[in-house]
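# got a predicted model here, sequence first, then my questions.
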Amino acid sequence: MTTATEAGKAKKSFKMPTVYTILFIIIALVALLTWIMPAGKYDYIVNGTDQVIPAAEVLDYDGGERLLPIPGSYQELEPSPQGFIDVLMAPIKGFHKAVDVALFVLVIGGFLAVTMRTGAMDSGVAAIVRKFHGREQMMIPVLISLFALGGSTYGMAEETVAFWAVILPVMAAAGYDRMVAAGIILLGSGVGVLASTVNPFATGIASGFAGLPIGEGIGLRVIQLIILIVLASWFVMRYASKVKADKSHSVLADIEFNDEFSHVKEDTGEFTTKQKLTMGVFFGAFLVMIYGVIPWEDMGITAIPTLWWWFDELSTLFLASAILIALINRMSEGDFIKTFLEGAKDLIGVALVVAVARGIYVVMDNGVIIDTILNWAEGVVTGLSSGVFVVVTYFVHIVLSFFIPSTSGLATVSMPLMAPLADFSGIGRDLIITAYQSASGWINIFAPTAGHLVAGLALAKIPYERFLKWVMPFVIMVLAVTVVTLFAGAAMA
């Protein structure tokens with residue numbers, strides 16, 4: 001074997017490191033920065049008061065209130081470089097600081113597993129399919145809206161793989177190609193995740209590290225969600241009409257498929273009362289969550305009491321909802337515990353990503369360089385209008401999303417730095433959260449690193465490059481819509 005052949009094989013065998021390795025590398029690089037960059041702090045003001053905490057005392061402050069940096073008050077302090085042991089301990093200390101978020105993630109995992117175990121979600125979609133039999137064109141926006149609602153509320157992505165076997169044969173029977181099914185499932189859930197309203201894995205984690213209630217900024221995200229649902233429905237329906245009228249317009253016209261999805265899947269199972277109650281509790285939990293996290297008083301709505309719920313209360317809500325769903329479905333105690341733990345186990349990776357990523361903040365905080373970076377960034381954003389700043393933040397997060405594909409990991413890395421920049425630019429931190437989740441969601445609409453996307457396309461035997469070519473006009477439109485909504489949100493702030 002020649003040296004060139006060996007080199008070629010080595011090149012082909014290269015794999016992108018996991019998000020954990022990437023985050024550990026970042027921790028090490030940040031620790032190195034603590035030896036190079038000067039340490040420093042701003043003077044801070046306690047949110048909602050006139051109390052000023054001098055730079056030298058900020059590190060020892062433990063009042064529990066959110067602190068806002070005072071522009072122009074940065075001053076250098078004694079350096080505190082971080083060493084090898086500090087790097088190794090960073091994820092452990094990060095877990096201590098993120099334990100409420102990590103626990104919330106595990107409870108959500110158990111809640112989702114118990115719900116999926118009942119089969120109510122599958123039966124609900126099947127019931128919609130049966131109801132619109134013969135009127136599949138009208139079913140397209142309904143299903144897109146349903147998947148978008150799932151994406152926006154609980155980050156529905158991997159769960160969509162189960163629905164391909166239901167929707168593919170229905171679209172085939174209606175005279176459409178497989179790309180229509182792909183559009184319904186992938187674009188529906190994709191725009192939902194992009195415009196997350198209370199998605200615990202995007203909005204929830206980012207809000208926690210930005211020091212905001214999850215419901216802060218929900219108005220703009222709802223508007224964004226509605227616009228993108230309409231856009232996705234139009235895009236898929238337009239293509240579906242063209243394909244039904246002339247099969248040569250299909251982007252898959254030259255590909256021969258076998259007939260495993262050529263007939264409607266027989267599904268005689270009914271959407272039972274028990275399953276309806278299950279889905280009522282499922283979506284009801286998210287409605288209660290929305291009510292509990294929205295700061296109604298801050299919005300000037302005094303008639304509605306503000307609960308000021310945080311992660312402890314939300315974890316309790318979803319645990320109680322999981323128990324209620326188990327009771328409705330007469331799930332045995334052993335089956336419930338097993339299912340709940342399996343669901344939590346599936347999300348241990350997400351919880352650990354939060355802890356490791358939080359370790360980056362721990363190293364920066366202990367090395368006293370966070371405010372040094374903010375001081376540099378303050379100079380960069382000074383003079384930028386609020387609209388331009390939030391759009392720049394959006395594109396920065398798009399770049400970061402390529403290196404940190406985990407939404408929870410990206411939130412934990414970026415929010416401690418990006419959220420305070422909003423204070424300098426005169427806009428709400430909620431806009432930074434919207435920019436972050438819009439960027440991460442946009443990437444996952446078409447990125448080959450999105451596991452649910454690749455799995456779904458493989459199941460339908462749709463070549464990825466065909467999907468990419470088909471979806472790219474939509475991706476560009478979504479980019480434009482997102483930039484406009486972010487700019488408008490900043491202008492109205």
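Thanks, I have it.

# rest of the way, CA atoms for contacts and neighbours
Fine.

# in the helix or strand Val392 falls within, which residues are buried?
Using DSSP states H and E, Val392 maps to helix 386-403. For helix 386-403, burial by neighbour count (16 or more other Cα atoms under 10 Å) applies to 386-395, 397-398, 400-401.

# any chance of the residues you listed in CSV, plus distance to Ala458?
Compiled in CSV, the buried residues of helix 386-403 are given as follows (distance: Cα to Cα, whole Å):
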residue, distance to Ala458
Ser386, 43
Gly387, 40
Val388, 40
Phe389, 40
Val390, 37
Val391, 35
Val392, 35
Thr393, 34
Tyr394, 31
Phe395, 30
His397, 29
Ile398, 26
Leu400, 27
Ser401, 24
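
# need these in JSON lines with pLDDT, can you?
As requested, those are exported to JSON lines (pLDDT from 0 to 100):
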{"residue": "Ser386", "pLDDT": "87"}
{"residue": "Gly387", "pLDDT": "89"}
{"residue": "Val388", "pLDDT": "90"}
{"residue": "Phe389", "pLDDT": "89"}
{"residue": "Val390", "pLDDT": "92"}
{"residue": "Val391", "pLDDT": "92"}
{"residue": "Val392", "pLDDT": "89"}
{"residue": "Thr393", "pLDDT": "89"}
{"residue": "Tyr394", "pLDDT": "91"}
{"residue": "Phe395", "pLDDT": "89"}
{"residue": "His397", "pLDDT": "87"}
{"residue": "Ile398", "pLDDT": "87"}
{"residue": "Leu400", "pLDDT": "75"}
{"residue": "Ser401", "pLDDT": "79"}
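
# which secondary structure elements does the helix holding Val392 contact?
When contacts are defined as 3 or more Cα pairs under 8 Å, 6 or more residues apart in numbering; DSSP states H and E, helix 386-403 packs onto helix 407-425, helix 429-446, helix 464-492.

# mean pLDDT lowest for which of those helices?
Ranked by mean pLDDT, these bottom out at helix 407-425, which scores a mean of 77.

# kindly export that helix (C-alpha atoms) in PDB.
Extracted C-alpha coordinates of helix 407-425, given in PDB (Å, rounded to 0.1, in the frame of the first residue of the first chain):
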ATOM      1  CA  THR A 407     -28.900  23.900  20.700                       C
ATOM      2  CA  SER A 408     -28.500  23.500  24.500                       C
ATOM      3  CA  GLY A 409     -24.700  23.600  24.300                       C
ATOM      4  CA  LEU A 410     -24.800  26.700  22.100                       C
ATOM      5  CA  ALA A 411     -27.200  28.500  24.400                       C
ATOM      6  CA  THR A 412     -25.000  27.800  27.400                       C
ATOM      7  CA  VAL A 413     -21.900  29.000  25.600                       C
ATOM      8  CA  SER A 414     -23.300  32.100  24.000                       C
ATOM      9  CA  MET A 415     -25.800  33.500  26.400                       C
ATOM     10  CA  PRO A 416     -23.500  34.600  29.300                       C
ATOM     11  CA  LEU A 417     -21.600  36.700  26.800                       C
ATOM     12  CA  MET A 418     -24.200  37.800  24.200                       C
ATOM     13  CA  ALA A 419     -27.000  38.600  26.600                       C
ATOM     14  CA  PRO A 420     -25.200  41.300  28.500                       C
ATOM     15  CA  LEU A 421     -24.300  42.900  25.100                       C
ATOM     16  CA  ALA A 422     -28.000  43.700  24.700                       C
ATOM     17  CA  ASP A 423     -27.800  45.900  27.800                       C
ATOM     18  CA  PHE A 424     -25.100  48.000  26.000                       C
ATOM     19  CA  SER A 425     -27.200  48.200  22.800                       C
END
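
# cheers, nothing more for now.
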